[in-house]
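Asker: need a structure here:
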Amino acid sequence: MVLPTLTEGAVSIRPIRLRDSRALERELVENRSWLRKWEATNPLGPRAVDPRGSIRALLANSRSGGGLPFAIDYRGAFVGQVNVSGLTYGSLSSASIGYWVAERVAGRGVTPTAVALATDHCFFALGLHRIEICIRPENAPSLRVIEKLGFRYEGLRRRYIHIDGDWRDHVAFALTVEELPQGVLRRWLEGRVPSTASRIPDADRAAAGLPLRLG
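Answerer: Have a look, this model is predicted:
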């Protein structure tokens, strides 16, 4: 599968390449404290960080049709990744998206732009029906991305993914293409995202150990 380069303003997503391994390693090291508590881990024991091997695995999965591995560039520099995984066609026609960015570009609209570009590509270029994103309830920056783009809350998944050394609860969000005929990116940029779309119900917030909303 040929991956495109997609751009909005200073943000681009493009196919990740083996030559990105040095930049990837540098960002992972420099942002260790920022990323560690959200990183997937192996329940069978720790594994050495291998950026080049990680990229090789992503590219192999892409060649088999299982995913889309994008690098995120901001003003021409590598700052993170957005990965489409679990790519399925036919009666399901869906995929999941995961992402991270360097701490120094957080809050600049880089992540929501990258996620919106990837989601719109899945909907309108690949013809997918549904995109899902699952996040740890404590991950406030990632939840803010979901709120900005208006992903719809779908539920609490108990002990869903092994993160930072243990099985962690996640909250699930999704969008279907029928909900966004104008596209995710355009709706966000035009300020038309419903303010309550991503709201987690109080019962699920309590179950996940989050403080209840006031008002």
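Asker: Show the residue spans covered by the strands in this structure.
Answerer: Applying DSSP state E to the chain gives strands spanning 6-8, 11-15, 68-74, 77-88, 94-101, 130-135, 152-163, 166-176.
Asker: so what's the nearest residue to Cys122 once chain neighbours are set aside up against?
Answerer: Once flanking residues are discounted, Cys122 sits nearest to Leu128: 4.4 Å by Cβ to Cβ, 6 or more residues apart in numbering. (C-beta placed from N, C-alpha, C; glycine too.) Shown in contact with Leu128 (Cβ atoms under 8 Å, 6 or more residues apart in numbering): 87, 89, 93-95, 122, 177.
Asker: Tell me, how many residues neighbour the closest residue to Thr5 other than its chain neighbours?
Answerer: Sequence neighbours aside, Arg14 is the residue nearest to Thr5 in space, at 4.1 Å (criterion: Cβ to Cβ, 6+ apart). Per other Cβ atoms under 10 Å, the neighbour tally for Arg14 reads 16.
Asker: Kindly compare burial across the strands of the chain and name the winner.
Answerer: strand 68-74 (a mean of 24; mean count of other Cβ atoms under 10 Å).
Asker: Partner strands of that one, with direction?
Answerer: Taking DSSP bridges as the criterion, strand 68-74 pairs within the sheet with strand 11-15 (antiparallel), strand 77-88 (antiparallel).
Asker: Cheers, nothing more for now.
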